[in-house]
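[1] coords please:
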Amino acid sequence: MDDEWHISEQRGGPVSHVLLFEEVVASDREDLVAEAVEFLPTVRGVTSVEHVEREIVEIDAPGVPAARLTSILRRWWDAAAKEQRPWMTAMNRAAGTVGDLAPGFQRDGWQLTRVADAELTHVITLDHGFGREPGQHMISITAGVRLTLPDREHVTAVYSTLDLADDAALAEVVTGQVLPALDALPSVDAMLARWQEGRSVEAAGRRPYPGHEGELHGRVLVARGRLAEAREVYQRYYEYSLPRQRPYVVRLVEKLGVAALTTGDDPRLSVADERTLAAWPADMAGRIDLLHRMTGVPMDRSRRSLDEVWARLRETPDRFRSTFADTGPALAIPYYGVQSSGDIRRGRVPFEPWYRVTVELLTAYLGAVVIAERPGTAWGVAGDGELAMVDRGGTGLLSRVFAVARLPFEAPDDEFDPRRLRRLADDMARWLGEGRYEPGIIRLGTPGT
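    This is a model prediction of the structure:
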């Protein structure tokens, strides 16, 4: 296919041509990409070839038209792509093994299906991937159900990745995980029973089920004519969703004929969000005063005061830990943005109450310093739910403070930057003035407050 890769000429650059592979091709056919890099130096006129990134190959072939390189590489690529590689043979053998272990399934290439009834089909899909070690090949197994409601929907029950050469592990995954998980979901009603108990249809059956299953749970209830229950499910799904996703949920519910959801005045915000976010600017003076009492630093909105606050945190870490040990923070996890929220929920980063309160106080004062410099700035909420600031540009703030606020308490002396908080304020002021705008930021309150 012509869109798998493209060769372009680079006039005035360090090399004459660049070969750019589509990301999916570079990932799925890593072997062909590597062989193409080995083949190109054999082409007349090519003096050097360097694989600089996974999708990018730099070629120096002065005077050789890109069309000629493309034609030569295309002939080689099309022939090489038709070759049956050993890993393909291994994948076919693995698919046969799965078929032998899963009676009742019909195999079509690397996918196996079993029709349970008119509404539900069990699906096992095998995919190949390249391992981290040279010559290593991996196989991934995705097992789930395909529903007809009347829309076709798919939900995963089991996902596993293992070494393609490990036949014993493959058999164990199929017989010990895949088949039990699918056998436990013989019908849509069985899935619905799981959801009604608050359990996921995934093999682990965790409670509460992950938010993304809420939409499918609601659709099943609608298909069964249980609209009042569907509204309750969709309300929870709406609350779980990111602000930028919530208008879609509202429109979906309307389209399905379910009673309207309860939202804030702005449908991107829940009622609880509106209360929390209205209180944030309103309580700013109280937070800044508390930070003053904790540090003794005059809160004059100067950059120098940020350095002084930063130094006081370094000098008196135990005071913050003890004072806020039992204090409830104002902002819930979603206000830290998608990436930080994911790290928090997975336990990758500490999230003690005293630290959350400290982050909130620093965020409030850093925001006040930025607003003093840029009076047109307002607090806001980004499309991913993060507490943000908005002026000509807009960007999240809470996750940035969260990432650096532990430094005064933990960084070694030779790594501690006494001006780190000031530099973050400088960065925010610059970003807000550049006009680069994160889509979907919701403004809160009045600019300059």
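[2] So Asp417 versus Thr316, what's the distance?
    Remark: distance between Asp417 and Thr316 (C-beta to C-beta, to the nearest Å) = 18 Å. Quick note: C-beta positions are derived from backbone N, CA and C, even for glycine.
[3] Ala378 too?
    Using C-beta to C-beta, Ala378 is found at 33 Å from Thr316.
[4] So which of these two has more stuff around it?
    Taking neighbours as other C-beta atoms under 10 Å, Ala378 and Thr316 compare with Ala378 leading, 23 against 15.
[5] thinking the more buried one is in contact with Arg392, fair?
    No. Look at Ala378 against Arg392 with C-beta atoms under 8 Å: they stay out of range, at 11.5 Å.
[6] Confirm that Val158 lies within a strand, as I assumed.
    Yes. Counting by DSSP: H, G, I helix; E, B strand; the rest coil, Val158 is part of a strand.
[7] Which strand residues bridge it?
    Beta-bridge partners for Val158, by DSSP bridges, are Ala143.
[8] Pairing partners for His6 in the sheet, please.
    Beta-bridge partners recorded for His6 (DSSP bridges): Leu20.
[9] Burial check on it, number of neighbours?
    By the criterion of other C-beta under 10 Å, His6 has 13 neighbours.
[10] tell me the contacts of it?
    With contact taken as C-beta atoms under 8 Å, 6 or more residues apart in numbering, His6 is in contact with 19-20, 70.
[11] How about His51?
    Applying C-beta under 8 Å, 6+ apart to His51 gives the contacts 33-34, 37, 57.
[12] repeat that for 7 Å
    Contacts of His51 were listed using C-beta atoms under 7 Å, 6 or more residues apart in numbering, and they are 37, 57.
[13] partners of the helix or strand harbouring it, with directions?
    His51 is part of strand 48-53 when elements are defined by DSSP states H and E. Strand 48-53 has the following strand partners under DSSP bridges: strand 56-60 (antiparallel).
[14] hang on, the earlier thing: pull the distance from the strand holding His51 to the chain's centre.
    30 Å (C-alpha atoms, centre = their mean, to the nearest Å).
[15] Could you do stretch 373-389 as well?
    Centroid separation for stretch 373-389 versus its chain: 21 Å, with C-alpha atoms, centre = their mean.
[16] what does it contact?
    242-244, 277, 280-281, 331, 334-338, 367, 370-371, 390-391, 394-399, 428-429, 432-433, 438-448.
[17] Emit the ChimeraX select command for whichever of those residues are buried.
    Buried subset of the contacts of stretch 373-389, written as a ChimeraX selection, criterion 16 or more other C-beta atoms under 10 Å:
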select :242,243,244,277,280,281,331,334,335,336,337,338,367,370,371,390,391,394,395,396,397,398,399,428,429,432,438,440,441,442,444
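[18] taking the contacts of stretch 373-389 one by one, which sit in strands?
    Of the positions in the contacts of stretch 373-389, 390, 394-396, 442-444 sit in strands, assigned by DSSP state E.
[19] Please point out which parts of stretch 153-166 sit buried.
    Buried, per 16+ other C-beta under 10 Å, within stretch 153-166: 155-158, 160, 162, 164.
[20] could I get it in CSV with only the CA atoms?
    The C-alpha coordinates for stretch 153-166 follow below in CSV (Å, rounded to 0.1, in the frame of the first residue of the first chain):
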residue,chain,number,x,y,z
GLU,A,153,-20.4,-3.5,20.7
HIS,A,154,-17.4,-5.3,22.1
VAL,A,155,-16.1,-5.7,25.6
THR,A,156,-12.9,-7.4,26.8
ALA,A,157,-12.9,-10.0,29.5
VAL,A,158,-9.2,-11.2,29.4
TYR,A,159,-6.0,-9.7,27.9
SER,A,160,-2.7,-11.4,28.1
THR,A,161,0.7,-11.1,26.4
LEU,A,162,3.4,-13.9,26.4
ASP,A,163,6.3,-15.2,24.5
LEU,A,164,5.3,-16.7,21.2
ALA,A,165,7.7,-19.6,21.8
ASP,A,166,6.1,-20.6,25.1
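[21] Give me the residues contacting it.
    With C-beta under 7 Å, 6+ apart as the test, stretch 153-166 has contacts from 87, 90, 94, 136-147, 169-170, 173, 177-178, 181-182, 185, 201-203, 213, 216, 219.
[22] Only whichever of these are buried, select them in PyMOL.
    Here is the PyMOL selection string for the buried members of those, based on 16+ other C-beta under 10 Å:
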select buried, resi 87+90+94+137+138+139+141+142+143+144+145+146+147+170+173+177+178+181+182+185+201+202+203+213+216+219
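[23] So which of the contacts of stretch 153-166 are in helices?
    87, 90, 94, 169-170, 173, 181-182, 213, 216, 219 (DSSP state H).
[24] so can I have JSON lines of these showing distance to Leu291?
    Formatted as JSON lines, the ones in helices among the contacts of stretch 153-166 follow (distance: C-beta to C-beta, whole Å):
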{"residue": "Trp87", "distance to Leu291": "59"}
{"residue": "Ala90", "distance to Leu291": "61"}
{"residue": "Ala94", "distance to Leu291": "60"}
{"residue": "Ala169", "distance to Leu291": "54"}
{"residue": "Leu170", "distance to Leu291": "57"}
{"residue": "Val173", "distance to Leu291": "53"}
{"residue": "Ala181", "distance to Leu291": "51"}
{"residue": "Leu182", "distance to Leu291": "55"}
{"residue": "Glu213", "distance to Leu291": "41"}
{"residue": "Leu216", "distance to Leu291": "45"}
{"residue": "Arg219", "distance to Leu291": "48"}
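[25] okay, those in JSON lines with distance to Glu254 and pLDDT next?
    Shown next, in JSON lines, are the ones in helices among the contacts of stretch 153-166 (distance: C-beta to C-beta, whole Å; pLDDT from 0 to 100):
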{"residue": "Trp87", "distance to Glu254": "48", "pLDDT": "96"}
{"residue": "Ala90", "distance to Glu254": "50", "pLDDT": "96"}
{"residue": "Ala94", "distance to Glu254": "46", "pLDDT": "97"}
{"residue": "Ala169", "distance to Glu254": "47", "pLDDT": "97"}
{"residue": "Leu170", "distance to Glu254": "46", "pLDDT": "97"}
{"residue": "Val173", "distance to Glu254": "42", "pLDDT": "97"}
{"residue": "Ala181", "distance to Glu254": "34", "pLDDT": "94"}
{"residue": "Leu182", "distance to Glu254": "34", "pLDDT": "96"}
{"residue": "Glu213", "distance to Glu254": "21", "pLDDT": "89"}
{"residue": "Leu216", "distance to Glu254": "18", "pLDDT": "90"}
{"residue": "Arg219", "distance to Glu254": "14", "pLDDT": "92"}
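[26] if we can go back for a sec, closest one of the buried residues of stretch 153-166 to Trp110?
    Each of the buried residues of stretch 153-166 was scored against Trp110 by C-beta to C-beta, and Leu164 proved nearest at 11.9 Å.
[27] and that closest one, how far is that from Thr113?
    Leu164 sits 22 Å away from Thr113, going by C-beta to C-beta.
[28] Let me know the secondary structure of the nearest residue to Phe351 once chain neighbours are set aside.
    Taking C-beta to C-beta, 6 or more residues apart in numbering as the measure, Phe351 lies nearest to Ile344, with 5.0 Å between them; neighbours along the chain are not counted. Per three-state DSSP, the local secondary structure of Ile344 is helix.
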